[in-house]
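Participant: I need the structure of the sequence given here:
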Amino acid sequence: MSERFFIEHPPTAAEVTFDEAESQHLAKVMRANVGDVVVGFDGRGTEYQIELTSIGKKKVIGAIRSQAEVSREASRQLTLAVALPKGDRQRWLVEKCVELGVARLVPLLTKRGVAQPVEKAIERLRRAVIEACKQCERNRLMKVDQGQSLEEVLAARPAASFLMHPSGETLHHDSILPAKEVLAIIGPEGGFTDEEVAEAAEHGCQIVSLGPRILRVETAALAMATLVTAVPGP
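Facilitator: Numbers count the residues shown, from 1 in each chain. Okay, the predicted model is just below:
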């Protein structure tokens with residue numbers, strides 16, 4: 001059985017009880033049988049080999065046969081603070097960020113934002129993180145924070161912080177190489193206001209561009225993720 005299954009509550013003993021959604025997937029979709037061995041992961045970095053011992057429609061139980069810390073994380077921690085795009089583009093953005101190894105996604109509240117990160121939307125994105133981790137074999141969940149203002153993001157910024165804007169200088173690898181943690185701030189479809197750009201610069205952010213073309217929100221986010229995670233860490 002090739003699919004991976006999320007363990008919401010890391011086991012404290014030698015037995016695992018899958019939550020209702022994963023249990024239903026095992027029982028109804030995968031048609032799992034007692035004795036099947038599946039791979040589970042807890043979202044905190046541990047991977048498990050689990051032999052199924054009880055199959056119910058809403059409750060599947062298994063015995064842990066082995067476990068190991070298996071890291072498939074990027075060598076550099078990237079936080080993306082992004083003014084979310086509309087609709088299904090949010091889920092697509094999350095899926096690709098997980099695949100590329102982004103450590104943390106912060107829905108950014110801006111003056112020209114088009115999508116508000118309400119609680120239900122955040123929960124959908126967090127579920128999308130789990131599904132993407134199952135597919136790409138990542139064992140540590142990308143964090144999805146509650147919405148934050150630009151001021152809040154800037155208050156906790158690491159030394160290597162960049163705001164994406166067409167007026168900025170072209171971003172070079174040399175700016176990323178020394179950093180263990182990177183923050184990239186990406187604005188909404190209508191762009192940042194001049195005041196927001198000035199605020200970021202006052203807080204020490206580098207104002208940078210990814211080229212002469214105007215990129216969509218999710219394109220800019222993934223281009224930055226690719227640049228940061230592809231460059232070997234310090």
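
Participant: Just list the residues touching the closest residue to residue 193 other than its chain neighbours, thanks.
Facilitator: What sits nearest to residue 193 in space, not counting adjacent residues and going by C-beta to C-beta, 6 or more residues apart in numbering, is residue 111, at 5.3 Å. All C-beta atoms are positioned from the backbone trio N, CA, C, and that covers glycine. With contact set as C-beta atoms under 8 Å, 6 or more residues apart in numbering, residue 111 has these partners: 193, 195-196.

Participant: Could you check how many residues crowd around the nearest residue to residue 6 once chain neighbours are set aside?
Facilitator: Leaving out its chain neighbours, the residue that sits closest to residue 6 by C-beta to C-beta, 6+ apart is residue 130, at 5.1 Å. Applying other C-beta atoms under 10 Å, we find 19 residues neighbouring residue 130.

Participant: Verify the stated contact: residue 130 with residue 142.
Facilitator: No: in this structure residue 130 lies outside contact range of residue 142 using C-beta atoms under 8 Å: 9.7 Å.

Participant: ok, back up a step: restricted to strands, list the contacts of residue 111.
Facilitator: Among these, no member is found in strands (DSSP state E).

Participant: Output the residues you listed in a markdown table; the columns should cover pLDDT and neighbour count.
Facilitator: Below are the contacts of residue 111 laid out as a markdown table (pLDDT from 0 to 100; neighbours: other C-beta atoms under 10 Å):
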| residue | pLDDT | neighbour count |
| --- | --- | --- |
| 193 | 96 | 14 |
| 195 | 97 | 10 |
| 196 | 97 | 20 |
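
Participant: Residue 229: which of those is nearest?
Facilitator: Minimum distance to residue 229 across the contacts of residue 111 is 26.0 Å, recorded for residue 196 (C-beta to C-beta).
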